[in-house]
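>>> I would like the atomic coordinates for the input below:
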Amino acid sequence: MKKSFLFIILSFLLSASICAADDGWEEFSGIDRAWDGQKSITNKEFEEAIDALEGNKKKKEAKQRKKLIKKVGGGGTSLHPDLSPESDILDITPISKNEDGALLNVPVSLLINGVTLEKGFYKVLAEKDEKGEIYLLFYQSHSLKGKVKAQQTDDDYGEEYIDFVNLLPYDKNYVKIIFGSLDYNAYAYIRFVE
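I've put the predicted structure just below:
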């Protein structure tokens, strides 16, 4: 009786495991027909689909950029047309130091330290000595023709460019030379003779 009882339980367990294993394999019975009815896609169709997805991505980025500009610059339009939210921000070129000086036309003869500086064109440079004093140097070709002490100023005299030099009439005996560079702006009063 023990043997028959053990045999019945064993056969019951064996049949249950076979039934359980059989249920799992039924799902994979059609695996060889899984690709039936699928459409093949050409390279052109694939590229069009990718382009459409990238186009959506670019639209999303443009929308985010517009939101950022609105957040930073405000929502309204500006009185200045270049500052409106729709305009592109231009790159600013870096400013470099001009070490060549600026060209000055001197229409009168100048008296610098008792020496007459004749009429003509001069390349004007400015230099600061160890004491912090600024001097304007007048060159013709490669030779130094004159050196005059100048006063440093924050005034740019309304000039359009950063590097400039101009000769302005002051009174009937003096002219005012204004000089501007990236480092500093300066001016000097110089006596002239006609």
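>>> pLDDT weak spots in the chain?
Along the chain, the parts satisfying pLDDT under 70 run over 1-2, 16-30, 32, 34, 37, 73-97.
>>> could you pick out the longest helix of the chain?
helix 43-73 (DSSP state H).
>>> and it, which residues are buried?
By neighbour count on 16 or more other Cβ atoms under 10 Å, the buried set for helix 43-73 is residue 69. To be clear about C-beta, it is placed using only N, CA and C from the backbone, and glycine gets the same treatment.
>>> and whichever helix or strand comes after that helix, which strands flank it?
Next helix or strand after helix 43-73 toward the C-terminus (DSSP states H and E): strand 102-106. Sheet pairing for strand 102-106, assigned by DSSP bridges, gives strand 120-128 (antiparallel).
>>> for the next helix or strand after the strand it pairs with, output the C-alpha coordinates as PDB.
For strand 120-128, the succeeding helix or strand toward the C-terminus, using DSSP H and E, is strand 134-140. Output of strand 134-140 as PDB, limited to C-alpha atoms (Å, rounded to 0.1, in the frame of the first residue of the first chain):
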ATOM      1  CA  ILE A 134      52.400 110.200 -20.000                       C
ATOM      2  CA  TYR A 135      54.300 111.500 -23.000                       C
ATOM      3  CA  LEU A 136      53.200 111.900 -26.600                       C
ATOM      4  CA  LEU A 137      55.900 110.900 -29.100                       C
ATOM      5  CA  PHE A 138      56.000 112.400 -32.600                       C
ATOM      6  CA  TYR A 139      57.700 110.200 -35.200                       C
ATOM      7  CA  GLN A 140      58.400 110.800 -38.900                       C
END
